[in-house]
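In: need a 3D model of the following:
(2 chains)
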Number of protein chains: 2
Amino acid sequence: MTARKVKAAVLGGDRRALARAITLVESTRPADREKAESLLTELLPRAGKAMRLGISGAPGAGKSTFIEAFGQHLTGQGKSVAVLAVDPSSRRSGGSILGDKTRMEKLARDPRAFIRPSPAGTTPGGVARRTREALLLVEAAGFDVVLVETVGVGQSEMAVADMVDLFVLLVSPGGGDDLQGIKRGVMELADLILVTKSDGDLLKAANRAASDYQAALHLMRPKYPQVPPQVLQVSSVEGSGIAQAWRAMVTLHATLAKVGHLKRLRADQALRWFWGEVQAALGEELTQNKTLGEEARKLEAAILAGKVLPFAAARSLFRRIIAA
Amino acid sequence: MTARKVKAAVLGGDRRALARAITLVESTRPADREKAESLLTELLPRAGKAMRLGISGAPGAGKSTFIEAFGQHLTGQGKSVAVLAVDPSSRRSGGSILGDKTRMEKLARDPRAFIRPSPAGTTPGGVARRTREALLLVEAAGFDVVLVETVGVGQSEMAVADMVDLFVLLVSPGGGDDLQGIKRGVMELADLILVTKSDGDLLKAANRAASDYQAALHLMRPKYPQVPPQVLQVSSVEGSGIAQAWRAMVTLHATLAKVGHLKRLRADQALRWFWGEVQAALGEELTQNKTLGEEARKLEAAILAGKVLPFAAARSLFRRIIAA
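Out: Alright, predicted model coming up:
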């Protein structure tokens, strides 16, 4: 397909073309990279129109079950939904458990839904970049809502929080995989906390958990003044709380849009993406240039041995990078 | 004074020489910078032997009062204590409220204590760097305990957490300046939370606050497995809880040292300092090179206008930096 035809197909809602475009964007081959960037730059003006939601939670919190129920609620309301994922542990052959269509069978068959597993990647930064670019593509393809799922490996929650409008944290009623507690730094990313499995035997525990998280959030300064993060309860199995969760997201999104926070957030995210890539380019240079890489390692060793001042070492390395 | 004499004086515990050395390190003049780095590199082998404690809390939490009482408890036990500060809003003429000797009069007069206000600085990174270097100097001068105080402007808590062994968060019993809640990201940096003003009329509120923070921490994964962060109560005015707080810090510090966590932490911090300085050098290059700075601003504007892909813009800028 010519570039023009691919662009037209994606814009026209052709799912196969979209999937192939995302595959192109995930490719590391330089020739593919050139085509991908050309396509992305052409489609950039059509991006930005979806509601971007991050969905995070520990294994066992019920993400897939929730996304299926939530996604079907949205398509039932006539909205189109794309589901992407960030999972730096994903491997090409093994695949990721995230965005796994077998765990969201009904949604995978829904004509208004599009599910894409996490890209594989050698670096977490690479995975995040590919997902951000896939997000631009699904927006250009006209999806109303984009969900970006993350299971919380490494810094993936931070990466996802930095590419979505609202960050939703799913937590179990307690016990099970959540015994460790929420990873540090994640609770405070949340605009909304959903206590899952709020049904049957777990209902009492879920009520208590909701109250605990509400109390914890109350101790922290909210992201947005006068907009405290909410804690709601859902049961994906019974279908309860899903509509309320959606309404809470819509209301919050509209509030942020109205007072200009959303625009500012997206602008900040775009600039952070840019500067993050500049730093990644620096890291890439050190990986590809064997001499520089060796110099960096020697300096690290000297710093750890207490022989050289980090500031002086950094200036020395940077001058060599510039001179290279 | 010759460089050799300065080094000998600092190592010998000469406070005036130490203060002058820190002033030298804070200077931005290139000639001073050269002397400072030479001195620091000479003294590096003598650094690393103190217990490094970060002390943070919102205005009104009682930091100065606590540091004075705590500092005197330590000197009363025969320990020497240095107090440094990180306050990016500090100005040369106005001075910072942190490390302000007038607020810690008794400690300022204590022969075993050394108090230094925050360096002024144009960038938070610059302030953090100077404080890290001052920390090396006070360690070389033989201080047993170094306290680094921060009031929580910008990212200063993160900067301080990255240069200390233990991070102590002070919170008020509630009401007053703490109404806003703890800044996002800070609660989870804490190894120990101290509820201050646990006396008189505020005792009941302090008990409740301690219980609330304990519950909140319980929901989060601790920094170190099997070492949950503690919440204790202190009254600097009555002097209660100070000894217990110190014992808790000593015990935790010893535990971390024993299982190798402390060594790993300091190694990670040193490397992060190094790579942070490499990135700062990149930023410095863009500030000093007018053409590159202009290019960076144009690319930022193009990204915000949705005209260029952040990844492509970054690669373009980086290539120009390398070629410069």
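In: which ones are touching the residue positioned nearest the centre of chain A?
Out: Ranked by distance to the mean C-alpha position of chain A (C-alpha atoms, centre = their mean), the top residue is residue A:160 at 2.8 Å. Residue A:160 is in contact with A:54, A:56, A:86, A:128, A:131, A:148, A:150, A:167, counting by C-beta atoms under 8 Å, 6 or more residues apart in numbering or on different chains. Every residue, glycine included, has its C-beta placed from N, CA and C.
In: am I right that residue A:52 is in a strand?
Out: Yes - secondary structure of residue A:52 (DSSP: H, G, I helix; E, B strand; the rest coil): part of a strand.
In: related to what we said a few turns ago, lowest-confidence entry in the contacts of residue A:160?
Out: Ranked by pLDDT, the contacts of residue A:160 bottom out at residue A:86, which scores 85.
In: how much space separates that one from chain B?
Out: Going from residue A:86 to chain B by C-beta to the nearest C-beta, to the nearest Å gives 16 Å.
In: can you count the residues close to that residue?
Out: By other C-beta atoms under 10 Å in any protein chain shown, the residues close to residue A:86 number 32.
In: distance of the residue nearest to the centre of chain A from chain B?
Out: Applying C-beta to the nearest C-beta, the value for residue A:160 to chain B is 16 Å.
In: sec struct for residue A:79, please.
Out: From three-state DSSP, the assignment for residue A:79 is coil.
In: correct me, but it touches residue A:146?
Out: No - taking contacts as C-beta atoms under 8 Å, residue A:79 lies outside contact range of residue A:146: 10.9 Å.
In: so if I had to pick from these two, which one is more boxed in?
Out: Set residue A:79 next to residue A:146 and count neighbours by other C-beta under 10 Å: residue A:146 wins out with 24 against 17.
In: assumed that one was part of a helix.
Out: No - per three-state DSSP, residue A:146 lies outside any helix segment and is strand.
In: and the pLDDT at it?
Out: Listed pLDDT for residue A:146 reads 98.
In: what is the burial count for residue A:292?
Out: Neighbours of residue A:292 (other C-beta under 10 Å): 16.
In: got a pLDDT number for it?
Out: Residue A:292 is given a pLDDT of 94.
In: name the residues that touch the helix or strand hosting it?
Out: According to DSSP states H and E, residue A:292 maps onto helix A:290-304. Under the contact criterion C-beta under 8 Å, 6+ apart, helix A:290-304 has outside partners A:285-287, A:308, A:310, A:313, A:316-317, A:320-321, A:324, B:267, B:270-271, B:274.
In: residue A:16: which element?
Out: Residue A:16 belongs to helix A:15-26, assigned by DSSP H and E.
In: how far does that helix sit from its chain's centre?
Out: 18 Å (C-alpha atoms, centre = their mean, to the nearest Å).
In: likewise stretch A:161-181?
Out: On C-alpha atoms, centre = their mean, the centre of stretch A:161-181 falls 13 Å from the chain's centre.
In: and it, end to end?
Out: Terminal residues of stretch A:161-181 are spaced 19 Å apart (C-alpha to C-alpha, to the nearest Å).
In: give me the buried positions along it.
Out: By neighbour count on 16 or more other C-beta atoms under 10 Å in any protein chain shown, the buried set for stretch A:161-181 is A:161-174, A:178, A:181.
In: spatially nearest residue to residue A:45, not counting backbone neighbours?
Out: Setting aside the residues directly before and after it, residue A:45 is nearest to residue B:306 in space (C-beta to C-beta, 6 or more residues apart in numbering or on different chains), at 6.1 Å.
In: returning to what we had before: now, the contacts of residue A:160 that are in helices?
Out: A:128, A:131 (DSSP state H).
In: which of the contacts of residue A:160 sits closest to chain B?
Out: residue A:128 (11.1 Å; C-beta to the nearest C-beta).
In: quick one, what contacts the spatially closest residue to the closest one that is not a sequence neighbour?
Out: Excluding its sequence neighbours, the residue lying closest to residue A:128 (C-beta to C-beta, 6+ apart) is residue A:159, at 4.0 Å. Neighbour list for residue A:159: A:86, A:124, A:127-128, A:131, A:150 [criterion: C-beta under 8 Å, 6+ apart].
In: among the residues you listed, find me the one that's closest to residue B:73.
Out: residue A:124 (44.2 Å; C-beta to C-beta).
In: what is the neighbour count of that closest one?
Out: Residue A:124 has 18 nearby residues by other C-beta under 10 Å.
In: now do residue A:294
Out: Counted with other C-beta under 10 Å, residue A:294 comes out at 11.
In: from the buried residues of stretch A:161-181, which is closest to chain B?
Out: residue A:181 (4.0 Å).
In: from memory that closest one sits against residue B:228, does it?
Out: No - look at residue A:181 against residue B:228 with C-beta under 8 Å: they stay out of range, at 9.3 Å.
In: quick check: neighbours shared by those two?
Out: Joint contacts of residue A:181 and residue B:228 (C-beta under 8 Å, 6+ apart) are B:218, B:222.
In: would you tell me which helix is longest in chain A?
Out: Secondary structure of chain A per DSSP H: the longest helix is helix A:261-288.
In: quick one: low-confidence parts of the stretch 101-250 of chain A?
Out: A:101, A:122, A:175-180 (pLDDT under 70).
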